[in-house]
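A.B. asks: Sequence first, then the predicted structure:
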Amino acid sequence: MTVQQKVPDVSGLRAERVVVVSLMKSGTHLVQELMLALGYRIYGQSRIPQEIQPVLDEGTRDRIVRMVHGDQAADALGEQGEEAFRVGSDQAWEALGWAWQQRLGMPLVNRYGARLTQTELVEQAFRRTAGTPFSATPENTCWIIPELDIKKLDGKFVEEWAQTGEPRILFMYRDPRDMVLSMVNFLLGKTVQGFGNFSEFQVFHSILKSKGSLEERLLYALSDPAFPGSGDHERMLWLLNHPNVCSLSFEEMVGPQGGGSAEAQLDVVRRVIEFVGADADPEKTADGIFRRDSFSFFKGQIGSWREAFTPRVERLAHERLAKSLELYGYSA
């Protein structure tokens with residue numbers, strides 16, 4: 001890790017909402033564990049267990065129902081009793097979450113299908129909340145997403161963030177060579193719980209399974225511009241360079257268990273704690289970050305590509321990834 005990181009100058013108050021942009025296979029489980037340790041609940045596209053998802057108090061539920069359905073419908077729902085209100089507000093929150101993912105530029109139809117992501121309720125939530133700020137979403141929530149394409153972002157979100165510095169945005173990345181290798185292993189189903197729930201992953205799983213060797217699979221992954229994660233480093237370069245984004249790398253976060261250093265891990269944990277304004281002990285917080293039972297975990301080591309890449313793969317990787325390696329401070 002050679003890119004010098006600085007903590008952006010933000011308010012000392014604890015951030016109520018955080019958006020973590022963690023590139024696919026960059027170590028999302030590490031930053032998720034960090035945000036949990038800092039007291040946040042998690043919302044995102046990966047498999048988020050129920051026990052760590054946002055907990056909505058009665059006031060938040062009422063606010064969400066009114067945003068999605070309007071005051072008259074919210075009052076009518078409230079009159080149906082506590083259980084009906086809980087179910088209805090859960091549905092409204094789910095729809096609001098999908099609507100906001102659209103506003104953040106997520107390719108939902110491609111990954112989950114229109115039947116799930118373009119229901120009447122989701123479309124209603126999107127339409128009725130189009131003018132609402134991100135600050136109207138539930139408090140104490142960390143949104144974890146795999147990308148944040150500036151050309152696909154809702155302009156109102158950009159304006160809100162540019163003018164207020166909220167939500168706080170963290171950007172997680174990794175050596176692109178290790179990310180390619182990790183994605184290949186992930187799509188082959190070598191991780192704890194298989195290769196995830198994005199529809200496109202089924203296609204690339206079949207392609208990789210049809211290849212006879214790891215070399216063939218890596219050569220393919222480096223050649224196909226549609227392969228998951230391809231081009232992400234360059235598309236997200238604006239995040240790496242923005243002064244109000246806190247950037248962190250897998251190599252810093254992983255610590256000694258993943259081939260990094262305790263010093264670098266402690267430093268990045270301190271940086272994040274300061275950035276979000278959390279009241280936490282950096283050393284205690286850093287202790288629980290590395291978890292082997294994460295659903296997407298395989299090896300979680302720095303520089304695994306050095307053992308897996310043949311000379312032929314390494315040449316192609318240098319050809320295809322040279323710009324990203326340079327811009328993110330990784331040596332060739």
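C.D. replies: Everything's here; your move.
A.B. asks: just the helices in the stretch 101-250 of the chain please.
C.D. replies: 108-112, 114-117, 120-128, 155-164, 176-187, 199-210, 214-223, 232-235, 237-241, 250-253 (DSSP state H, counting those that start in this stretch).
A.B. asks: For residue 25, find the nearest of those helices.
C.D. replies: Smallest distance to residue 25 across the helices of the stretch 101-250 of the chain (C-beta to C-beta): 4.0 Å, for helix 176-187. For the C-beta atoms, the positions are set from N, CA and C on the backbone; glycine is no exception.
A.B. asks: Show me what that closest one is packed up against.
C.D. replies: Applying 3 or more C-beta pairs under 8 Å, 6 or more residues apart in numbering; DSSP states H and E, we find helix 176-187 packed against helix 199-210, helix 214-223, helix 305-308, helix 311-327.
A.B. asks: Run the chain-centre distance for it.
C.D. replies: 16 Å (C-alpha atoms, centre = their mean, to the nearest Å).
A.B. asks: which parts of that helix are buried?
C.D. replies: For helix 176-187, burial by neighbour count (16 or more other C-beta atoms under 10 Å) applies to 176, 177, 178, 179, 180, 181, 182, 183, 184, 185, 186, 187.
A.B. asks: for stretch 73-93, same thing?
C.D. replies: For stretch 73-93, by 16+ other C-beta under 10 Å, it's 74, 77, 78, 85, 88, 89, 91, 92, 93.
A.B. asks: chain center to it, what's the gap?
C.D. replies: Distance, centroid of stretch 73-93 to centroid of chain: 30 Å (C-alpha atoms, centre = their mean).
A.B. asks: which residues touch it?
C.D. replies: 54, 56, 61-62, 64-69, 121, 125, 138 (C-beta atoms under 8 Å, 6 or more residues apart in numbering).
A.B. asks: re earlier: now the helices and strands packed on helix 176-187 as JSON lines including mean pLDDT and mean neighbour count?
C.D. replies: Output for the helices and strands packed on helix 176-187, formatted as JSON lines (pLDDT from 0 to 100; neighbours: other C-beta atoms under 10 Å):
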{"stretch": "helix 199-210", "mean pLDDT": "93", "mean neighbour count": "15"}
{"stretch": "helix 214-223", "mean pLDDT": "98", "mean neighbour count": "19"}
{"stretch": "helix 305-308", "mean pLDDT": "95", "mean neighbour count": "14"}
{"stretch": "helix 311-327", "mean pLDDT": "97", "mean neighbour count": "15"}
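A.B. asks: and the spatially most central residue of the chain, what does it touch?
C.D. replies: Nearest residue to the geometric centre of the chain (C-alpha atoms, centre = their mean): residue 145, 2.9 Å. Residue 145 is in contact with 19, 20, 21, 22, 44, 45, 101, 104, 106, counting by C-beta under 8 Å, 6+ apart.
A.B. asks: ok, now with 6 Å
C.D. replies: Residues in contact with residue 145 (C-beta atoms under 6 Å, 6 or more residues apart in numbering) are residue 21.
A.B. asks: picking that back up, if we take the buried residues of helix 176-187, which one ends up nearest to residue 97?
C.D. replies: Nearest to residue 97 among the buried residues of helix 176-187, with distances taken as C-beta to C-beta, is residue 186, at 24.2 Å.
A.B. asks: Would you mind measuring from that closest one to residue 202?
C.D. replies: Plainly put, residue 186 is 13 Å away from residue 202 if you go by C-beta to C-beta, to the nearest Å.
A.B. asks: re the thing from before, which of the contacts of stretch 73-93 fall in helices?
C.D. replies: The members of the contacts of stretch 73-93 that map onto helices under DSSP state H are 61, 62, 64, 65, 66, 67, 68, 69, 121, 125.
A.B. asks: For residue 212, give its distance to residue 219.
C.D. replies: For residue 212, the distance to residue 219 - C-beta to C-beta - is 11 Å.
A.B. asks: and what of residue 102?
C.D. replies: Counting by C-beta to C-beta - residue 102 and residue 219 are separated by 35 Å.
A.B. asks: Next: residue 311.
C.D. replies: Taking C-beta to C-beta, one finds residue 311 at 12 Å from residue 219.
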